[in-house]
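Enquirer: sequence-free structure coming up:
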């Protein structure tokens, strides 16, 4: 798969029926959206504001991980937020790799930075 956000959006919508779109203005206004994306229910991902397309792509894959993680797996992780976030990153990374998307050191550093934020 070509590594760009539109190709990823199309892929996720076709394979999973999940709509991926830029966060609406009400979300931008009310939430911290810089270098963050969000899931809405189990059928929509909102993309925040990013200066870097690669970070946007890995963030969207992380949100896909939130959709794909099972309730059973979350219980196995004792509903620990950090462990769930780590698992969602792993799911997103694997989904990307399984579809020809590989990550740079910069992207892995971004993922680690996000996880370290979740430890607090």
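Expert: Nice, I can see it. Keep in mind the model is a prediction, meaning the values are calculated, not measured.

Enquirer: Tell me which residues are up against the lowest-mean-pLDDT helix or strand in the chain.
Expert: The helix or strand of the chain with the poorest confidence is helix 25-30; it has a mean of 73 (mean pLDDT, DSSP states H and E). Residues outside helix 25-30 that contact it (CB atoms under 8 Å, 6 or more residues apart in numbering) are 33, 38, 46, 48, 49. For glycine as for every other residue, the C-beta is placed from the backbone atoms N, C-alpha and C.

Enquirer: and if you look at stretch 37-56?
Expert: 3-5, 12, 17-24, 27-28, 31-36, 59-60, 62-64, 66-67, 103-104, 106-107, 110.

Enquirer: ditto for stretch 57-73
Expert: Residues contacting stretch 57-73 (CB under 8 Å, 6+ apart): 3-5, 8-9, 12, 16, 18, 20, 35-39, 42, 45, 47-48, 50, 84, 87-93, 95-96, 101, 103, 107, 110-111, 114.

Enquirer: do stretch 87-96 as well
Expert: 57-58, 61-66, 68-69, 73, 77, 102-103, 111, 114-115.

Enquirer: hmm, back to that, out of the contacts of stretch 37-56, which end up buried?
Expert: Among the contacts of stretch 37-56, the ones that count as buried by 16 or more other CB atoms under 10 Å are 5, 12, 18, 20, 23, 33, 35-36, 59-60, 62-64, 66-67, 103, 107, 110.

Enquirer: so of those, which ones are in helices?
Expert: Using DSSP state H, the subset of these located in helices is 5, 12, 59, 60, 62, 63, 64, 66, 67, 107, 110.
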